[in-house]
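In: structure, please.
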Amino acid sequence: MPKQRNTTLDALLTEFGYTHQQLADEVNRIALDEFGTPANCTDRHVRRWIAGEVRWPWPRYLRPLQEIFGRSPEAMGFVSRKASQNATVPPRLAPVMRHHTMQRRTFIAGALIAALGTDQTPQRGRLGMSDVDRFQGATTRLDAHFNGLGGGALVDVAADYLSRLQRALDHCTYGERVERAMHRAVAEVAACAGWSAHDCGDYGRAAQLRNQALQAALLARDPVAVTRAWSDLAAQAEHAGRPAEAARINRAALAERHLRAEPLITALLHARLADCLAQINDPKGMGRHLAAAERIYDRAGTVGAPSWLAFLTPAELSGLGAIAHQSAGLYVRAEEQTACTLELLDDRFARNRTYYTVLLAELQLAQGASDRAAATVADVQVSGVASSRITARLERVTAAASTGRDVRDDTR
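Out: Numbering: from 1, shown residues only. Okay, the predicted model is just below:
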């Protein structure tokens, strides 16, 4: 087969801010941590992958690459050899679970800051709407990274960007229009950072960031940003075991008149409220709000939608319905919807694919089908998922499947 340059892998290095040597070092670090032996990867290996001289790396390189970029080999531009298609990832009894060290997280955060452009924030001078447009671009990239891979090092990147924006507010000059836009940008970044902290299991930090998002949204006098902040605080209350409080917040948000022009947000609020009602033993209310979410979503367009709502696809709406049915104890229906979600889910959302695969196994365990649950999680790839909450759940469900015991859902 003639050589063909791997432009996909080359673009990934640029996106994540790696040089050839930095990527080789990271492959070696992960391989040593996972396999206990060094991979002996060098910058020459990386150059050969990009040049197309090696179209399918050895497993000792391939697994670390999947963890670094959160993509399948094919999505990184590699082409499988027929003889190695069934041997690239040797079978394991259970997925390898590893905790990221602070050094690794800091390294990735530094690379992400450069790749996402969050370090390009003026700290003095006068700000104009062109600056606001650049801030929005960086925020869109933050949202896309979270929607695809989850929190992980992104919480440090988003928190760093939040500090930069706040310093710009304190030390730059600007007009009223720019000031409101800056507060809106702060609200959006704080919300993204809040979900990233939540994904890392740092719920105290998530609460602090979500309160910052609400304050900034109020200062921006932006009703959509305020609604998003309230919705995130409702999700926080639900996770803390206060579904009735979460239901009250979601209902209050749905009562806002401006939502008539925001069908996507309205559909999300209905779906989240449905889950709250399921938890407080109101299955009829759950059904009404799930139906409302589907009806409103069907007439919503995605053109011009905020970047943070990119995750709200038909697959995600099906998944939210599955979560609500799980909360109501309707495991058969929840399993059906989760399976549908996985069929519909876009490959961009590696985090959500892992999340719903784990949910599917949890639902199977709840019905006593430990063999099916074990098969469901047997081939889960968590290497690219930057969510300690999801990997911890996977670890629990894998252990439970081997013993046949049930596990309870860790509320999303």
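In: list the helices and strands the strand or helix carrying residue 194 packs on?
Out: Element membership of residue 194, judged by DSSP states H and E, is helix 176-199. With contacts defined as 3 or more Cβ pairs under 8 Å, 6 or more residues apart in numbering; DSSP states H and E, the packing partners of helix 176-199 are helix 129-149, helix 154-171, helix 203-220, helix 223-239, helix 388-403. Every C-beta, even on glycine, is put in place using the N, C-alpha and C of the backbone.
In: right, so of those, which gets closest to residue 313?
Out: Among these, helix 129-149 comes nearest to residue 313, with 10.0 Å by Cβ to Cβ.
In: so which bits of that closest one are buried?
Out: Using 16 or more other Cβ atoms under 10 Å as the test for burial, helix 129-149 gives 131-132, 135-136, 138-149.
In: what helices and strands are in contact with it?
Out: In terms of contacts (3+ Cβ pairs under 8 Å, 6+ apart), helix 129-149 is packed against helix 102-116, helix 154-171, helix 176-199, helix 350-366.
In: ok and the last one relative to helix 388-403, angle-wise?
Out: Just to be clear, that refers to helix 350-366. 30 degrees (axes from the mean of the first three to the mean of the last three Cα atoms, to 10 degrees).
In: tell me what helix 350-366 is packed against?
Out: The helices and strands touching helix 350-366, judged by 3+ Cβ pairs under 8 Å, 6+ apart, are helix 129-149, helix 314-327, helix 331-344, helix 370-378, helix 388-403.
In: what mean pLDDT does the longest one have?
Out: Looking at helix 129-149 alone, the average pLDDT works out to 85.
In: contact partners of that helix?
Out: 70, 112, 116-118, 120-122, 154, 157-158, 161, 165, 177-178, 181-182, 185, 188-189, 192, 195-196, 199, 307-308, 310-311, 348-352, 384-387 (Cβ atoms under 8 Å, 6 or more residues apart in numbering).
In: okay, the angle between that helix and helix 350-366?
Out: Compare the direction of helix 129-149 with that of helix 350-366 by the same axes, to 10 degrees and you get 30 degrees.
In: which stretches in the stretch 1-150 of the chain count as helices?
Out: With DSSP state H, counting those that start in this stretch as the criterion, the stretch 1-150 of the chain has helices at 7-16, 20-35, 43-51, 59-69, 102-116, 129-149.
In: now render the helices and strands packed on helix 129-149 as a markdown table, adding mean pLDDT, distance to residue 257 and mean neighbour count.
Out: Below are the helices and strands packed on helix 129-149 laid out as a markdown table (pLDDT from 0 to 100; distance: least, Cβ to Cβ, whole Å; neighbours: other Cβ atoms under 10 Å):
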| stretch | mean pLDDT | distance to residue 257 | mean neighbour count |
| --- | --- | --- | --- |
| helix 102-116 | 52 | 35 | 17 |
| helix 154-171 | 87 | 29 | 21 |
| helix 176-199 | 93 | 19 | 24 |
| helix 350-366 | 93 | 31 | 25 |
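In: CSV for the ones you listed, including distance to residue 22?
Out: As requested, the helices and strands packed on helix 129-149 are arranged in CSV below (distance: least, Cβ to Cβ, whole Å):
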stretch, distance to residue 22
helix 102-116, 8
helix 154-171, 17
helix 176-199, 23
helix 350-366, 22
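In: mind listing what the residue nearest the centre of the chain touches?
Out: Nearest residue to the geometric centre of the chain (Cα atoms, centre = their mean): residue 150, 2.8 Å. By Cβ under 8 Å, 6+ apart, the contact list for residue 150 reads 196, 199, 351, 385-387, 390.
In: try it again with 10 Å
Out: Counting by Cβ atoms under 10 Å, 6 or more residues apart in numbering, residue 150 touches 70, 195-196, 198-200, 349-352, 354-355, 384-391.
In: using TSV, lay out the helices of the stretch 1-150 of the chain together with distance to residue 219.
Out: Output for the helices of the stretch 1-150 of the chain, formatted as TSV (distance: least, Cβ to Cβ, whole Å):
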stretch	distance to residue 219
helix 7-16	33
helix 20-35	39
helix 43-51	46
helix 59-69	37
helix 102-116	25
helix 129-149	15
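In: quick one on the thing from earlier: out of the helices and strands packed on helix 350-366, which gets nearest to residue 236?
Out: Here helix 388-403 is closest among the helices and strands packed on helix 350-366 (Cβ to Cβ), at 13.5 Å.
In: relative to helix 223-239, how tilted is that closest one?
Out: 30 degrees.
In: now helix 388-403: average pLDDT?
Out: The average pLDDT within helix 388-403 is 85.
In: now do that helix: which elements does it pack against?
Out: Contact analysis of helix 388-403 by 3 or more Cβ pairs under 10 Å, 6 or more residues apart in numbering; DSSP states H and E lists helix 176-199, helix 350-366, helix 370-378 as its packing neighbours.
In: distance of residue 178 relative to residue 346?
Out: Distance, residue 178 to residue 346, using Cβ to Cβ, to the nearest Å: 35 Å.
In: tell me, how many residues neighbour residue 22?
Out: Applying other Cβ atoms under 10 Å, we find 16 residues neighbouring residue 22.
In: now residue 282
Out: Neighbourhood size, residue 282 [other Cβ under 10 Å]: 17.
In: excluding sequence neighbours, find me the nearest residue to residue 311.
Out: With sequence-adjacent residues excluded and distances taken as Cβ to Cβ, 6 or more residues apart in numbering, residue 311 is closest to residue 147, at 4.5 Å.
In: domain ranges for the protein?
Out: Domain ranges of the chain: 7-84, 100-221, 329-412, per automatic domain parsing.
In: turn those into JSON lines, including distance to residue 250.
Out: Formatted as JSON lines, those follow (distance: least, Cβ to Cβ, whole Å):
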{"stretch": "domain 7-84", "distance to residue 250": "31"}
{"stretch": "domain 100-221", "distance to residue 250": "15"}
{"stretch": "domain 329-412", "distance to residue 250": "14"}
